[in-house]
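In: 3D model of this:
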Amino acid sequence: MGSKEKYHWQTQNVKVSGVDDMVLLSKISEDAITDNLKKRYMDDFIFTYIGPVLISVNPFKQLPYFTDREIELYQGAAQYENPPHIYALADNMYRNMMIDSENQCVIISGESGAGKTVAAKYIMSYISKVSGGGTKVQVGLSSGKYFEIQFSRGGEPDGGKISNFLLEKSRVVSQNHGERSFHIYYQLLQGATKEQRENLGITTPDYYLYLNKSDTYTVEDVNDKTEFKDTMAAMSVVGLSLEAQDTVLQIVAGILHLGNIAFREEGNYAVVESEDFLAFPSYLLGINQDGLKSKLTSRIMDSKWGGKTETISVTLNKEQASFTRDALSKALYSRLFDYLVDVSQLEFLEFELSKKICFCQFCINFVNEKLQQIFIELTLKAEQEEYVQEGIKWTPIEYFNNKVVCDLIESKVNPPGIMSILDDVCATMHAKGEGADQTLLQKLQSQIGTHEHFSSWNKGFIVHHYAGKVSYDVSGFCERNRDVLFSDIIELMQSSEFAFIKDLFPENLEAEKRGRPTTAGSKIKKQANNLVQTLMKCTPHYIRCIKPNETKKPRDWEESRIKHQVEYLGLRENIRVRRAGYAFRRVFKKFLQRYAILTKETWPQWRGDEKQGVLHLLKSVNMDSDQYQLGKTKIFIKAPESLFLLEEMRERKYNGYARVIQQAWRKHIAVRKYVQMREEASDVLLNKKERRKNSLNRNFVGDYIGMDNHPEIRQFVGRRERVDFADVVVKYDRRFKTVKRDLILTPKFLYLIGREKVKQGPEKGQIREVLKRMIEVEKIQSVSLSTLQDDLFIVHEDQYDSVLQSVFKTEFLSLLYKRYEEKTRKKLPLKFNNLLEFKVKKGGWGPFSSAGSRQIQFQMGQGDEAVFKPSSKVLTVSVGPGLPKNARPTRRDNRKSRYMGNQNRNVGQYSREPPKSDSRGRGTQGQPAVRNSLLRQQSSMDQPTLPRLQGSHRSQHESQIYTDMGFMNVPDQGVAGMHRRRSKEYKPLPGSGGPKPKPKPRPRTPQCRAVYAYDAQDTDELSFQADEIIEILFEDPSGWWQGRLRGKEGMFPGNYVEKI
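Out: Below is the predicted model of the structure:
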């Protein structure tokens, strides 16, 4: 058997499973679409495109491609760059919002169990990750969820809400057999504490009439007691106070007790059967018991007659009283639910086809139908109409427009819709319960029975929805539609002693008429139309969810079910429109704004005709003419690849400019940081030690050895250890003899590396690097220096001290100071005195053999170079005066430095000797650099540009160029024959008769002046003293240059010299 091949969904060589975008299908049919979806589903590819529309098949299992890695992969990527994914749609929606500053919406549709809720969660998860633009992103689900997220102009979410419609309020008061009411009731009954049970009047579920009708109290795999604890914890998490939580439970318990209030009929009027049942709901809701009794059995009406308004009290019959009680219960629950949903998330019912369903599902299916209408209006109908309006060549495509179904349900007249007929029946039979549903069915048959999308049966009616035929049982339609909540009840609840309950009924009764309340159906119709109006103002995105089976098992594929969903979702028509249409359209103005940066003529603004500007942009990117059409106000681009070309070129332009800005900013930051570092280094010695002229404004390099080119030294430093400083220094021993050492500083250690001859083995006699000392930074006790301008410093450690000399001592000390502070959280002790003492290591012979101490005496002398005089145990160091102790580095004017060429190397430096002048008073070759740089430091004026030199004042270099061009001149004819002999003034010229050529000057080699003395460490290096002139043969980027001095060629460190 061969090895089983493994594939990863994101790799380039992934297994081919159908096509990613079904616009590319070779054959367009329901069978071909279903087959492609099946191939992908079986290989765990649940997402497929139809252009911008995303098709999602519920996998009924957790898949591995919803991690942070995928979020990063899809962020800012074009659709074609990665496999189909819900993150691609979410990113496209978010980017469009940021680019166009327009509201975006995503409509997720499909039947129950198709995965709409999970899809919405993935979208919100992605947006929460990538946003950190006043614009909104809306997520509308056909199941009834409506999320709205508000963004700032910067793309950061700064608010959001979840809108509640289609709550199945009728479930509060009645349920079908085998169903439960809302979970919170059973959670409260099972999970309440003993104290809560006593306070709320909690007992068993069968005691409450609102619960015992279905005879079902438990659900398999649901622990109501545990979930009650979770519910209470959730209320705490969202910020509800303990007092508010108690009131929420009071309302829930109060609704249960309201349901136990029964009525009997006495002379056609309702009477409360047992007033004992009024006590607990009145107590829990904080209302008067007699008031509750009165409002449930009567109501106040305003009657108008002859221009006068009369208020009358109407006593209700038994059925009306029951409706009023149930209306109050449903109002309490729904308003409490509205309050809580502001900080929570909601599950609704979805599109149902499988069974005879009732009024609530009828309302949900109506909203589904409205959302489908948006899809048709914006993707099929509007697209084709736009082509005609813009004058674009187009072949019309037929499709089913479900507006006829929406009209069947919501139309008001000619003929009236189902909801209008239902409201009419409820209004005319408001005092009767029995027979109302049959009256409704008869009116439906008589008024819309001939409608092509309507038919009836003995217990109800059938509506031919876009998703298929749905049978509705009319039983309870009228009762659930009434939803009567008279102003009397509202007034009663506003009298509650609990502020929380008062706030649930904020109506202004004085401003409202005491008329008949609106029905549940009319409220849902209004909410649905408002939702449609909101979504129509947004740029839409679509996710069509498909449920592959009824078993809810992975890889279980029910062919007929899938094919039916493919058909009613209109996927075939969608593919046909996308293949025949244009993938991108944009008004000319916005297109120009988006891509203006591509050409100089359009950036920053095109000043001509907008249509010509768009045409200019398209020609500039060489887009084929068959890939686009220009309408009257918009441009239409056919293939997404053409749009990707524009986007990629735009990205490159912005990327190029961004790099320029980044480079300038980084340079600015680096210079600022460098200046700060140099000043900090100077502050270490400020007012404590005299400064050397050449070190005050010296650039800091750090690595003066070139560690990357010296692995033999690097071997002593840790593999991942960063080198802060490296230099060749002079070390003084107990006898004050000098020896070269490599001084290396890292964040952890200070290293001293020397060289010794190998005494035995195959490498005997060869010089090899040896680690002489390694000191932990935190174990350094202090550093001692003199107050003069010498380069000596002593590193004090517990065992013995090290006396070192380095011209880069200031840079080394500043870095050591920082590293010590990082390690110990303390300042490094720096001691300044002209009599320094140091401990020596035990060893040696004679008078210097024992461990002890030595001294270094500093005194004022002559010159910048220190003079050393050792005697016994004291070393005397004499050096001339340096710069004052309060000298600070000079800040360089970076804005002008680019005009000075190489002269800026001497900015802020002090000349070792006064400028020499010739007899005419002109400075020598090196003088102008010093004079100009000092002038630039002292002058407040901007440096003028140099005028062009004329005549004899032209520079030698420029003269040479013109002399070399002499071969282009026409030769002089001269004088021939007798004329030449007779001419007294004529003297024959050598050669061809032209002027004598000047000798070719020897090419001038670049030179440099030594700033510091350097002793060669190897045979291929040069030794030199300060102020010696060296010819530069080669400058290596590593910092080691090749030069010639006194006829000898060798290598030397470039930071020890300055060019002249």
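In: from Tyr542, how far out is the spatially most central residue of the chain?
Out: Centroid-nearest residue in the chain: Val130, 3.9 Å away (criterion: Cα atoms, centre = their mean). Note on Val130: its distance to Tyr542, by Cβ to Cβ, to the nearest Å, is 20 Å. Placement of C-beta: from N, CA and C, glycine included.
In: with Arg652 instead?
Out: Counting by Cβ to Cβ, the gap from Arg652 to Tyr542 is 31 Å.
In: ok, these two, which is more surrounded?
Out: Legend: neighbour count by other Cβ atoms under 10 Å for Arg652 and Tyr542, higher for Tyr542 (23 against 12).
In: what about the more buried one, distance to His465?
Out: Counting by Cβ to Cβ - Tyr542 and His465 are separated by 18 Å.
In: and for Met301?
Out: 39 Å.
In: likewise for Phe700?
Out: 78 Å.
In: more neighbours, Met301 and His465?
Out: More crowded of Met301 and His465, by other Cβ under 10 Å: His465, with 21 against 16.
In: show the pLDDT at the more buried one.
Out: The per-residue pLDDT reported for His465 equals 83.
In: I figured it was touching Val367, is that so?
Out: No: applying Cβ atoms under 8 Å as the test, His465 and Val367 come out as separate, 11.5 Å apart.
In: now do the same contact list for Leu750.
Out: 743-744, 773-775, 777, 780, 795, 816 (Cβ atoms under 8 Å, 6 or more residues apart in numbering).
In: which phi and psi values does it adopt?
Out: Torsion angles at Leu750 (phi, psi; degrees, to the nearest 10) stand at phi -110, psi 120.
In: I'd like to know how far it sits from Glu369.
Out: 80 Å.
In: can you check Ala244 too?
Out: 38 Å.
In: these two: which has the busier surroundings?
Out: Glu369 (23 against 13).
In: buried stuff in stretch 1052-1060?
Out: 1052-1058, 1060 (16 or more other Cβ atoms under 10 Å).
In: the bottom helix or strand of the protein by mean pLDDT?
Out: helix 927-938 (a mean of 36; mean pLDDT, DSSP states H and E).
In: pLDDT weak spots in the stretch 801-950 of the chain?
Out: 843-851, 891-950 (pLDDT under 70).
In: could you dump the strand or helix carrying Gln373 to CSV, C-alpha only?
Out: Element membership for Gln373 (DSSP states H and E) is helix 359-375. Below are the C-alpha coordinates for helix 359-375, written out as CSV (Å, rounded to 0.1, in the frame of the first residue of the first chain):
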residue,chain,number,x,y,z
PHE,A,359,-48.1,32.2,13.6
CYS,A,360,-44.7,32.9,15.1
GLN,A,361,-42.9,30.9,12.4
PHE,A,362,-45.1,32.6,9.8
CYS,A,363,-43.7,35.9,10.9
ILE,A,364,-40.1,34.6,10.8
ASN,A,365,-40.6,33.2,7.3
PHE,A,366,-42.0,36.5,6.3
VAL,A,367,-38.7,38.3,7.4
ASN,A,368,-36.7,35.6,5.5
GLU,A,369,-38.8,36.5,2.4
LYS,A,370,-38.0,40.2,2.9
LEU,A,371,-34.2,39.4,3.2
GLN,A,372,-34.4,37.3,0.0
GLN,A,373,-36.0,40.3,-1.7
ILE,A,374,-33.0,42.5,-0.8
PHE,A,375,-30.7,39.9,-2.3
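In: mind checking the end-to-end distance for stretch 425-438?
Out: 10 Å (Cα to Cα, to the nearest Å).
In: who are the contact partners of Lys552?
Out: 60, 113.
In: three-state assignment of it?
Out: coil (DSSP: H, G, I helix; E, B strand; the rest coil).
In: quick one: it from Tyr41, how far?
Out: For Lys552, the distance to Tyr41 - Cβ to Cβ - is 14 Å.
In: Glu275 too?
Out: Counting by Cβ to Cβ, the gap from Glu275 to Tyr41 is 62 Å.
In: got it, and Lys590?
Out: 38 Å.
In: now Glu648
Out: For Glu648 relative to Tyr41 (Cβ to Cβ), the value is 33 Å.
In: equivalent analysis for Ser112, please.
Out: Ser112 is 19 Å from Tyr41, by Cβ to Cβ.
In: go on, Leu1033?
Out: For Leu1033, the distance to Tyr41 - Cβ to Cβ - is 72 Å.
In: likewise for Phe644?
Out: Applying Cβ to Cβ to Phe644 and Tyr41 gives a distance of 28 Å.
In: can you pull the pLDDT of the closest residue to Ile55 other than its chain neighbours?
Out: Once flanking residues are discounted, Ile55 sits nearest to Thr48: 4.5 Å by Cβ to Cβ, 6 or more residues apart in numbering. Turning to Thr48, the model gives it a pLDDT of 95.
In: does Thr48 sit in a helix, a strand or a coil?
Out: strand.
In: wouldn't it be in contact with Leu25 here?
Out: No: counting by Cβ under 8 Å, Thr48 stays clear of Leu25, with 10.4 Å between them.
In: overlap in contacts of those two?
Out: 19, 36.
In: more neighbours, these two?
Out: Thr48 (27 against 18).
In: quick check: that one vs Ser17, distance?
Out: Thr48 is 10 Å from Ser17, by Cβ to Cβ.
In: joint contacts of these two?
Out: Arg40.
In: buried residues in stretch 58-68?
Out: Result for stretch 58-68 [16+ other Cβ under 10 Å]: buried residues 58-60, 65-66.
In: so the nearest residue to Ser786 once chain neighbours are set aside is in which element?
Out: Of all residues not flanking Ser786 in the chain, Phe858 sits nearest, at 4.1 Å (Cβ to Cβ, 6+ apart). Assigned by DSSP H and E, Phe858 falls within strand 853-860.
In: now that strand: buried residues?
Out: 854, 856, 858.
In: brilliant, that's me finished.
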